[in-house]
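[1] Mind looking at a prediction? Sequence and model below.
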Amino acid sequence: MTKLSHERVLKALVKLGLSEKEAEVYVFLAREGPQKGSSIAETLKLNKQHLYAILKSLQNKRIVNATLEYAAQFSALPFEKALALLAEAKRKEAQRIEENKEEIISHWRSMNPKSTTTR
């Protein structure tokens, strides 16, 4: 992967809701295969505590898995599947906002009566 391609993939993942560090860790795992946390931290020069918070977040997003053994190994969901999951999460988020738009506008108007007209 060229540096430019790598940067574009990272930016795309950030646009889909990952932080820059989450995207970096995900791409590392997707390219290198299963790794122990200590190896990831060393290679990416991340503090272990910060790394484990990132890994937990990626697991919550269902794009990284961990083995149950002590000194767990972390692995990434294949890129295409991860991309589909992240895109679906964004679609659902947009749908929830759209469904709640009138309620949100109503709350806004009750807080700020001067802005009841739409521009």
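    Right, received. Where do you want to start? Numbering: from 1, shown residues only.
[2] contacts, neighbours, all on C-alpha from now
    Fine.
[3] Assign Glu102 to helix, strand or coil.
    helix (DSSP: H, G, I helix; E, B strand; the rest coil).
[4] Give the burial count for it, as a bare number.
    11 (other C-alpha atoms under 10 Å).
[5] how close does it get to Ala94?
    14 Å (C-alpha to C-alpha, to the nearest Å).
[6] likewise Lys45?
    35 Å.
[7] now swap in Lys11 and tell me
    Lys11 is 20 Å from Ala94, by C-alpha to C-alpha.
[8] between those two, who's got more neighbours?
    Per other C-alpha under 10 Å, whichever of Lys11 and Ala94 has more neighbours is Lys11, with 16 against 12.
[9] Show me what the host helix or strand of that one is packed against.
    Following DSSP states H and E, one finds Lys11 within helix 3-15. Helices and strands touching helix 3-15, by 3 or more C-alpha pairs under 8 Å, 6 or more residues apart in numbering; DSSP states H and E, are helix 20-32.
[10] any idea how far the helix it packs on is from the chain center?
    10 Å (C-alpha atoms, centre = their mean, to the nearest Å).
[11] what do you get for stretch 100-116?
    30 Å.
[12] Pull out the buried residues from it.
    Residues of stretch 100-116 classed as buried by neighbour count (16 or more other C-alpha atoms under 10 Å): none.
[13] Give the rounded mean pLDDT of that stretch.
    Stretch 100-116 comes out with an average pLDDT of 82.
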